[in-house]
Each structure stands twice: as structure tokens, then as C-alpha cells.
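Asker: Pasting a predicted model and its sequence here:
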Amino acid sequence: MKIMEVKERTPMLMEQLLAVWEDSVRATHLFLSDEEINNIKPYVPQTIEGVARLYMATKAGQPVAFMGTEKGSLEMLFIASAERGKGLGKQLLERADCDEKIKQVTVNEQNPQAIGFYEHMGFSVYKRTDLDEQGNPYPLLYMCR
């Protein structure tokens with residue numbers, strides 16, 4: 001497994017990361033319907049492009065996980081379902097911490113595995129909202145360390 005910061009976000013890489021995103025979301029965001037996932041999907045490449053720093057883990061040269069950060073905030077972390085539970089999230093977070101201390105993250109309250117991971121990594125909840133950023137009924141937890 002190789003962990004690296006992505007310097008060039010090529011169209012081919014974006015397609016590969018989108019596939020990782022979808023696989024990860026389908027495994028972890030069980031509160032989203034297929035229709036909701038398909039509605040979100042077209043916006044994901046733009047969101048990936050928009051983060052200041054992008055990190056990824058590769059296996060045999062193929063992306064299997066990625067994480068985006070912005071000014072000390074963890075903006076996204078997605079791991080292919082076949083690679084979950086192998087320490088990739090921790091490795092990505094530790095790699096990003098070398099460049100900028102990651103101090104905060106926002107997570108869906110309905111994703112208890114992610115909450116547990118972030119708590120394990122030293123984050124704690126300081127705020128909760130009833131709706132997500134798009135006004136949908138998916139509560140968010142704001143965590144910091």
C-alpha cells in the first residue's frame with residue numbers, strides 16, 4: 001500500500017476516485033437511497049477538485065482510498081469497501097497531519113462507524129445540526145481535537 005499526496009488531478013484519476021467514493025458510500029451511508037447517491041454523484045468530482053490537499057492510498061497502482069483537507073479541516077475520507085478496517089484511514093490522516101494538523105471534521109450522525117473512527121483518532125463532538133448542508137434531514141456532527 002502506498003500513501004501519497006496527489007499533485008495532479010487528471011480526468012482518469014478523478015474517474016477512479018469517483019468509483020472509490022461510490023463504493024465507499026454504498027458500504028457506509030446506508031441511510032441514503034440509490035436515487036440520492038445518484039443525485040450526489042455528479043457533484044463529487046467538483047468537490048474533490050475543490051479541496052486544497054488531496055491524499056490517496058494505492059494498491060497495485062490503483063486508488064483504494066482518498067482524503068481531502070482544507071485549512072486543518074478533514075473535508076472527505078472514502079475507503080473502498082474491500083479495504084476498510086485495514087488502517088488506511090489512520091494512515092491517510094497521519095500523512096495529512098505531517099503537512100497540516102487536522103483539527104476538525106464533519107460527519108453524518110447516521111454513520112456510526114465513521115464517528116467511532118474519528119473518536120478513536122482523538123476527535124470529539126462539539127456541535128450537532130438536524131440537517132445537512134443541503135438542508136436534507138441527515139443530522140451532522142461537528143468534531144474537533
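Answerer: Received the coordinates, thanks.
Asker: Just the strands from the chain, written as ranges.
Answerer: 2-5, 53-59, 62-70, 73-79, 104-108, 124-129, 140-144 (DSSP state E).
Asker: Which residues belonging to the third one are considered buried?
Answerer: By neighbour count, and taking 16 or more other C-beta atoms under 10 Å as the criterion, the buried residues in strand 62-70 are Pro63, Val64, Ala65, Phe66, Met67, Gly68, Thr69. Where C-beta positions appear, they are placed from N, C-alpha and C, glycine not excepted.
Asker: Now do the top helix by length along the chain: everything it contacts.
Answerer: If you go by DSSP state H, the chain has its longest helix at helix 11-28. Helix 11-28 is contacted by residues 6, 32, 37, 40-41, 44-45, 48-49, 56, 62-66, 78-81, 84, 111, 113-114 when judged by C-beta atoms under 8 Å, 6 or more residues apart in numbering.
Asker: Would you mind checking these for buried ones?
Answerer: So, by 16+ other C-beta under 10 Å, the buried ones in these are 6, 32, 40, 44-45, 48, 56, 63-66, 78-80, 84, 111, 114.
Asker: with the buried residues of strand 62-70 in mind, which one is nearest to Asp99?
Answerer: Thr69 (7.9 Å; C-beta to C-beta).
Asker: nearest residue to that closest one other than its sequence neighbours?
Answerer: Arg53 (4.7 Å; C-beta to C-beta, 6 or more residues apart in numbering).
Asker: Share the number of residues neighbouring the one you found, please.
Answerer: 16 (other C-beta atoms under 10 Å).
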